[in-house]
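Student: this is a predicted model, with the sequence first.
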Amino acid sequence: MYPLKFEPILKQTLWGGDKIIAFKQLNETLSGVGESWEISAVEDNESVVANGPDKGLTLPEMVGKYRHELVGEVNYSRFGTKFPLLIKFIDARLDLSIQVHPGDELARKRHNSFGKNEMWYVVSADKGAKLISGFSEQITPKEYKERVYNGTFAEVLQTCDVKPGDVFYVPAGRVHGIGAGAFVAEIQQTSDITYRIFDYNRKDAEGKSRELHTTQAIEAINFSDVQDDFRTEYDHLKNEPVELVASPYFTTSIYDMTEEITCDYSELDSFVIFICVEGACHITDDSQNEIAVRAGETVLLPAVVQEVTIVPEEGICNLRIELKQKSCTLQSAAFLF
């Protein structure tokens, strides 16, 4: 096996902007692209390999073909051919809806799906860009219903001004929204279950209001989720890993690279994902497979790879993700360059 790139799945949305195509240097003329799904096994949105002998195979086909060699022994025994992560870039020209995602138990009961715990890494932010994360004050389910009905729900949400490099962990149950001008990398469980609470009274292309899920959301919302600032603080260091988020579902670390580094994965029973958000580099694995990576590209490193050397061509920022659940460890590493 070898480092894998995938064809991006571009999503045109009501709120999408013009940053994704330029950022990824794509030869496309689409407008209003709100999302690029970088690695996905969501049904009807499966990523397709873009390089090497397996070019043209979907991600589920790759897992079925290579099994533990691609995802690791523990991951394969736990998830089978269901790849457990979904990686996106999101460009908000307008505010996204205020929403919440169910946890594993509720998602399994209602949708036979994983829950949706996720995190954001802010790639860029226009002046005044904001993210909504959690509550600014505690409310009850009764007050929630009243505020949704009378249009004052946003008044009790925690809104944060953002800048490049900001990190937010968004566990299932946390009400959240991406504000206009924010461009983020999103790492999440493989799930597309979203309960939309408020959508700014927008109409779709056919003039219809988008469906809201205010009643379904009640059981999913953590009403005691109150903080002054939900931003994740971390040290900004050069050429060494800095842990960003450690959750029951994934752990992420960031590398700000100016010199060559070697990563030893001989003790890691998992795949690794590299997300390049700035600069460019070359990655060479222990079988001497080499791949060039530039800003806007994402690479999946199979579990059989024991070691990689990363040589930056320009200053590079690098994010690693590991998923951990109970006694087993589901690990993926995504490096934001």
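Tutor: Nice, thanks for sending it over. Numbering: from 1, shown residues only.

Student: shaky segments in the stretch 151-300 of the chain?
Tutor: Low-confidence segments of the stretch 151-300 of the chain, defined by pLDDT under 70, are absent.

Student: redo that, cut-off 80
Tutor: Per-residue confidence for the stretch 151-300 of the chain (pLDDT under 80) gives these ranges: 203-205, 247-251.

Student: can you show me the strands along it?
Tutor: Along the stretch 151-300 of the chain, counting by DSSP state E, counting those that start in this stretch, strands occupy 157-161, 167-170, 176-178, 182-189, 195-198, 242-246, 251-257, 261-264, 272-275, 280-285, 290-294, 298-301.

Student: could those go into JSON lines alongside distance to Val123 and mean neighbour count?
Tutor: For glycine as for every other residue, the C-beta is placed from the backbone atoms N, C-alpha and C. Below are the strands of the stretch 151-300 of the chain laid out as JSON lines (distance: least, CB to CB, whole Å; neighbours: other CB atoms under 10 Å):
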{"stretch": "strand 157-161", "distance to Val123": "16", "mean neighbour count": "17"}
{"stretch": "strand 167-170", "distance to Val123": "11", "mean neighbour count": "23"}
{"stretch": "strand 176-178", "distance to Val123": "12", "mean neighbour count": "26"}
{"stretch": "strand 182-189", "distance to Val123": "5", "mean neighbour count": "24"}
{"stretch": "strand 195-198", "distance to Val123": "24", "mean neighbour count": "22"}
{"stretch": "strand 242-246", "distance to Val123": "14", "mean neighbour count": "18"}
{"stretch": "strand 251-257", "distance to Val123": "12", "mean neighbour count": "23"}
{"stretch": "strand 261-264", "distance to Val123": "21", "mean neighbour count": "15"}
{"stretch": "strand 272-275", "distance to Val123": "10", "mean neighbour count": "26"}
{"stretch": "strand 280-285", "distance to Val123": "15", "mean neighbour count": "19"}
{"stretch": "strand 290-294", "distance to Val123": "14", "mean neighbour count": "17"}
{"stretch": "strand 298-301", "distance to Val123": "13", "mean neighbour count": "26"}
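
Student: and the longest helix for the chain?
Tutor: Longest among the helix segments of the chain by residue count, using DSSP state H, is helix 141-150.

Student: and the angle from that helix to strand 157-161?
Tutor: 70 degrees (axes from the mean of the first three to the mean of the last three CA atoms, to 10 degrees).

Student: what bridges to the residue lying closest to Leu244 once chain neighbours are set aside?
Tutor: Nearest residue to Leu244, sequence neighbours excluded (CB to CB, 6 or more residues apart in numbering): Thr252, at 4.4 Å. Taking DSSP bridges, one obtains Val245, Ile321 as the residues bridged to Thr252.

Student: if I read this right, Thr252 contacts Val245, doesn't it?
Tutor: Yes: counting by CB atoms under 8 Å, Val245 is a contact partner of Thr252 at 4.7 Å.

Student: need the residues touching each of those two.
Tutor: Taking CB atoms under 8 Å, 6 or more residues apart in numbering as the contact rule, Thr252 and Val245 both touch 119, 167.

Student: please work out how many residues are found near Ile139.
Tutor: Neighbours of Ile139 under the rule other CB atoms under 10 Å: 19.

Student: quick check: end-to-end length of stretch 158-165?
Tutor: 19 Å (CA to CA, to the nearest Å).

Student: contact partners of it?
Tutor: Contacts of stretch 158-165 (CB under 8 Å, 6+ apart): 121-125, 128-136, 166, 168, 179, 182, 226-231, 236, 317.

Student: change it to 6 Å
Tutor: Outside of stretch 158-165, the residues within contact range by CB atoms under 6 Å, 6 or more residues apart in numbering are 122, 124-125, 129-134, 136, 182.

Student: ok, now stretch 52-69?
Tutor: If you take CB under 6 Å, 6+ apart as the criterion, stretch 52-69 is touched by 1-2, 41, 46-49, 70, 76, 81, 83, 304.

Student: out of the residues you listed, grab the one that's most surrounded.
Tutor: Counting neighbours by other CB under 10 Å, Ser47 leads the contacts of stretch 52-69 with 27 neighbours.
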